[in-house]
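> using only what follows, build the 3D model:
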Amino acid sequence: MNQFTFESRRRNPRLLAAVLAVALLGFAPASSEPVRRSGYAIGTESCGSGDLAFRKIQIDMKVGFCAGLVASEEDRLKFPRSIVQVPGRDLFVVADMGGWGHTDGRLLLLDPHAPQGQRLKELLTRLEYPFGLVIGPDKKLYASTAEAIFRFDPLADNPRSTVETIIRHMPGRRITLPDGTKLDESAHPLKPFGFDKSGRLFVNVGSHSDDCITPAPITKPCAAAEGASAMASIWLFTPPAGGVFPALKPGDPDPPHTVYARGLRNSMALALHPNFPDAGYAFLQGENARDLPDIFKPNEEINAIEQGKHYGWPYCYDLSTPSPEFRLVLQSGAYKSLCTANALYKPPLSLLPPHGAPLAMLYYHGGKFPELEGKLLVGLHGYRPTGSRLLVYDVDDHGFPKPAPAPVRYHVSCAADPTRSFQTDAGEVPAAPFEELIAGWHRVNGARPQGAPVGMTVAEDGAIWLVEDKNKTVIRIYRATGDPSPPLPCDMRSQAMIDQLAAFVARDAQNSVRLTTLRKGLIEKHCVGCHSDFGLKPGQSEAEKDGAVLRFMLSQDGWIYPGDPDAGKLRTRLRGLGTEKLMPPGGESLPKTEPGYKRLLDVADLLVAKMVPGTRMRIKAGPPQRKFYDKTNKECGEIPAAKVVVVTQRSAVDRPGFSRFFRPADPYLNGECTDGDGYYIRQEFLVPVQ
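Sure, this is the predicted structure:
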């Protein structure tokens, strides 16, 4: 305190007292107001202790656990995908892919003790799809890009000067298939990897496509998955004597590899038991299975990996169901009866919920949660109802989950059937039951976004750290204190709202034509192979097909915000904007090779923009956000400047001075208001869309 400040306060005791009173009286209510970070409404509760106490986020968790938000998009996170602790230090390295922009990935150093907004420091930049992070047998930090694996010192003054590459020519984003076909964007270029206790290195080499389907009839095996450098496989690299891979010098060849296991579409989740490769101990893989025309088919898988075995892709799915496209391949040759009567094939140890997308898997070993010791944790990243959660499996003494007789049930979501049994075409099947450490991480307006967990690690203090790419966050799971929080409501777009929006489109002749054009020219032609649950079924009329497609798109989280095509993922995915991966895969070339494709994208924008009758208006520039209300004057949320809404009454009949609009983009609702009451904003806050 300088002399001037002290003298001023001494001379004005009443003013000083008034300032202190305002500060003290105003602090409590201000601090109780939630702040928003990466879409989460965060109150005053904390998760953790000391300077590792972070603001608690509202996730439906197992009793006794809580989640604290360590870092968010405010910390300039863009697309975090994995995390690992620096040995012996309370610091972490985070792999941030930056998006699907090829070379905008970074490795970051996270100091959780630093002040909010100052916790991340760039270590390495301009990396192509950094993903894997592992502490090697030499206690050094290893990382992967699309084609390479390297080690480096994250604590060095110049981390780039310490990079030592040990593998550099694996199949990555740009590949040439055995038939000479060149791909500029292989479907699964990321390289999760792991070491066993002897120092051997196992690397995921994902498949080049969803299902390897070529024009019928298919008479030959999938060439990309064959041979000594097969894709859809796990490669094994064995270190020289001493157990540490040497750094490659210019001109050095890559260390030799063998294909350890085949038929694995994309092994994003790998877990090696600490005692592996001792006889009988587990090496597990979480399989991201191919897509099929059913939201409950196929199931994802947990596979028990054995050297030399084939795990089915693309010929088999679920436990032993043959893929009909490969019927001829399964009638003769090496893959004859592969799925049903061939010693080469090893069916899954257990099924996982369909379309769950397992992207991380590890054994818990730590002192914080004795009830989890030795158990298997599996993160499900998928945006479908069965994703967005963290599972816990009991395992036997060798690390294998324990299948139970059918029926074994799993939760779907809070908005759909509450539970469903594991099933294949043959009916209900055995599976390993699990608990949910984090339950369905569904979106709740005004409280939280849908979760998308990717990488995770167990810190030396036993806390569980995970990164979530969709919302750009780092989260720490710790022991909860006090009473558990009540579960949040399930607040996805209601069926009544979907019905209303579908009716708007059906009553508008131009929009009906746009929907049919979009379905025939884009969805049926390019999208059904990957998003095969659009609701299209044989025997539907043209109108029924249009309705099914529209309802599917409206039911997806964040795909469409009526009146505001720029805000929805339908546009960003089709055009490859921001961090969103371009859809359909390989779509970069479609505007050049397919006449009228650009017009289709414009048709999609027009359908969304004109979906709701009314006038599209923009939130006026000025304060960063504008409050809006319902007809009872309840505050419903705040909309950022420049957002677009559809105004249904420029001068609201029941709110003088206000305009009524259809509804805001969902993230800006506080969760307390309802569509039936309508949404209102002051007239002067709206300007026409140019």
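> near the residue nearest to Tyr364 when sequence neighbours are not counted, how many residues? Count them for me, please.
In this structure, Tyr364 finds its nearest non-sequential neighbour in Leu372, 4.3 Å apart by Cβ to Cβ, 6 or more residues apart in numbering. All C-beta spots, glycine's among them, are computed from the backbone N, C-alpha and C. Using other Cβ atoms under 10 Å, Leu372 has 21 neighbouring residues.
> show me what contacts Leu372?
Tyr364, Gly366, Val392, Leu437 (Cβ atoms under 8 Å, 6 or more residues apart in numbering).
> from those, which single one is nearest Leu123?
Of all the contacts of Leu372, Leu123 sits closest to Gly366, with 25.4 Å by Cβ to Cβ.
> tell me the spacing between the closest one and Ala228.
Here the criterion is Cβ to Cβ, to the nearest Å. By it, Gly366 lies 40 Å from Ala228.
> do Gly587 as well
Distance, Gly587 to Ala228, using Cβ to Cβ: 32 Å.
> those two: who's more crowded?
A direct count of neighbours by other Cβ under 10 Å for Gly587 and Ala228 places Gly587 higher, at 19 against 9.
> just checking, that one touches Leu522?
No. Shown here, Gly587 and Leu522 do not form a contact pair, counting by Cβ atoms under 8 Å, at 10.1 Å.
> what touches both of the two?
The contact lists of Gly587 and Leu522 share Leu574, where a contact means Cβ under 8 Å, 6+ apart.
> Gln118 sits in which helix or strand?
Using DSSP states H and E, Gln118 maps to neither a helix nor a strand.
> count of neighbours near it?
Gln118: 9 surrounding residues under other Cβ under 10 Å.
> just the buried ones from the contacts of Leu372?
Tyr364, Val392, Leu437 (16 or more other Cβ atoms under 10 Å).
> can you redo those residues as JSON lines with pLDDT, secondary structure and distance to Gly576?
Formatted as JSON lines, the buried ones among the contacts of Leu372 follow (pLDDT from 0 to 100; DSSP: H, G, I helix; E, B strand; the rest coil; distance: Cβ to Cβ, whole Å):
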{"residue": "Tyr364", "pLDDT": "98", "secondary structure": "coil", "distance to Gly576": "38"}
{"residue": "Val392", "pLDDT": "98", "secondary structure": "strand", "distance to Gly576": "36"}
{"residue": "Leu437", "pLDDT": "97", "secondary structure": "strand", "distance to Gly576": "34"}
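> make CSV out of those and add distance to Glu460.
Below are these laid out as CSV (distance: Cβ to Cβ, whole Å):
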residue, distance to Glu460
Tyr364, 13
Val392, 21
Leu437, 20
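> for this structure, what are the low-confidence residue spans?
Low-confidence segments of the chain (pLDDT under 70): 1-34, 293, 415-418, 490-492, 529-533, 665, 671.
> which residue comes closest to the most centrally placed residue in it once chain neighbours are left out?
For the chain, Ala452 is the residue whose C-alpha lies nearest the centre (Cα atoms, centre = their mean; 3.6 Å). Counting by Cβ to Cβ, 6+ apart, Ala452 lies nearest to Lys470, which is 3.5 Å off, once chain neighbours are set aside.
> hang on, that neighbour in a strand?
No. Inclusion of Lys470 in a strand is not indicated when DSSP: H, G, I helix; E, B strand; the rest coil is applied; the result is coil.
> report the separation between it and Ser144.
21 Å.
> between those two, which is the more surrounded one?
Ser144 (25 against 22).
> ok, now which ones touch that one?
By Cβ under 8 Å, 6+ apart, the contact set of Ser144 is Pro130, Phe131, Gly132, Phe150, Leu190, Lys191, Pro192, Phe193, Val203.
> in JSON lines, list the residues you listed along with distance to Arg168, secondary structure and neighbour count.
Compiled in JSON lines, the contacts of Ser144 are given as follows (distance: Cβ to Cβ, whole Å; DSSP: H, G, I helix; E, B strand; the rest coil; neighbours: other Cβ atoms under 10 Å):
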{"residue": "Pro130", "distance to Arg168": "14", "secondary structure": "coil", "neighbour count": "26"}
{"residue": "Phe131", "distance to Arg168": "16", "secondary structure": "coil", "neighbour count": "24"}
{"residue": "Gly132", "distance to Arg168": "14", "secondary structure": "coil", "neighbour count": "23"}
{"residue": "Phe150", "distance to Arg168": "8", "secondary structure": "strand", "neighbour count": "20"}
{"residue": "Leu190", "distance to Arg168": "16", "secondary structure": "coil", "neighbour count": "24"}
{"residue": "Lys191", "distance to Arg168": "11", "secondary structure": "coil", "neighbour count": "27"}
{"residue": "Pro192", "distance to Arg168": "17", "secondary structure": "coil", "neighbour count": "27"}
{"residue": "Phe193", "distance to Arg168": "14", "secondary structure": "strand", "neighbour count": "23"}
{"residue": "Val203", "distance to Arg168": "12", "secondary structure": "strand", "neighbour count": "22"}
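> of the residues you listed, closest to Glu300?
Nearest to Glu300, judged by Cβ to Cβ, of the contacts of Ser144 is Pro192 at 15.4 Å.
> Three-state assignment for Arg573, please.
helix.
> that one contacts Lys581, correct?
Yes. In this structure, Arg573 is within contact of Lys581 by Cβ under 8 Å, at 7.0 Å.
> compare the two (neighbour count), which wins?
Arg573 (18 against 14).
> what is the burial count for the nearest residue to that one once chain neighbours are set aside?
Nearest-residue entry for Arg573: Met583, 4.4 Å, with adjacent residues in sequence omitted and distances by Cβ to Cβ, 6+ apart. Applying other Cβ under 10 Å, we find 18 residues neighbouring Met583.
> now Thr648
Neighbour tally, Thr648, other Cβ under 10 Å: 17.
> again, but for the one 5 residues further on
Here the count is done by other Cβ under 10 Å, and Val653 has 7 residues near it.
> over to His442?
Using other Cβ under 10 Å: His442 sits among 23 other residues.
> doesn't Gly387 make contact with it?
No. Contact criterion Cβ under 8 Å: His442 and Gly387 do not qualify, at 9.7 Å.
> in contact with the nearest residue to His310 once chain neighbours are set aside, which residues?
Distances taken as Cβ to Cβ, 6+ apart put Gly263 closest to His310, at 4.3 Å, once the chain neighbours are dropped. Applying Cβ under 8 Å, 6+ apart, we find Gly263 in contact with Ala225, Ala232, Ser233, His310, Tyr311, Gly312, Trp313, Tyr315, Cys316, Tyr345.
> mind putting these into JSON lines with distance to Ile639?
Formatted as JSON lines, these follow (distance: Cβ to Cβ, whole Å):
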{"residue": "Ala225", "distance to Ile639": "49"}
{"residue": "Ala232", "distance to Ile639": "46"}
{"residue": "Ser233", "distance to Ile639": "49"}
{"residue": "His310", "distance to Ile639": "54"}
{"residue": "Tyr311", "distance to Ile639": "49"}
{"residue": "Gly312", "distance to Ile639": "49"}
{"residue": "Trp313", "distance to Ile639": "45"}
{"residue": "Tyr315", "distance to Ile639": "51"}
{"residue": "Cys316", "distance to Ile639": "50"}
{"residue": "Tyr345", "distance to Ile639": "55"}
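> where along the stretch 201-350 of the chain do the helices fall?
338-341 (DSSP state H, counting those that start in this stretch).
> list the residues that contact Phe193.
Counting by Cβ under 8 Å, 6+ apart, Phe193 makes contact with Gly132, Val134, Tyr142, Ser144, Ile149, Leu201, Phe202, Val203, Asn204, Leu270.
> cool, Cys316 as well?
Gly263, Pro322, Ser323, Leu338, Cys339, Tyr345, Pro347.
> pretty sure the fourth one sits against Ser332.
Going back to what we said before, that points to Leu338. No. Counting by Cβ under 8 Å, Leu338 sits too far from Ser332 to count as a contact (11.1 Å).
> who's more crowded, those two?
Using other Cβ under 10 Å, the more surrounded residue of Leu338 and Ser332 is Leu338, with 23 against 10.
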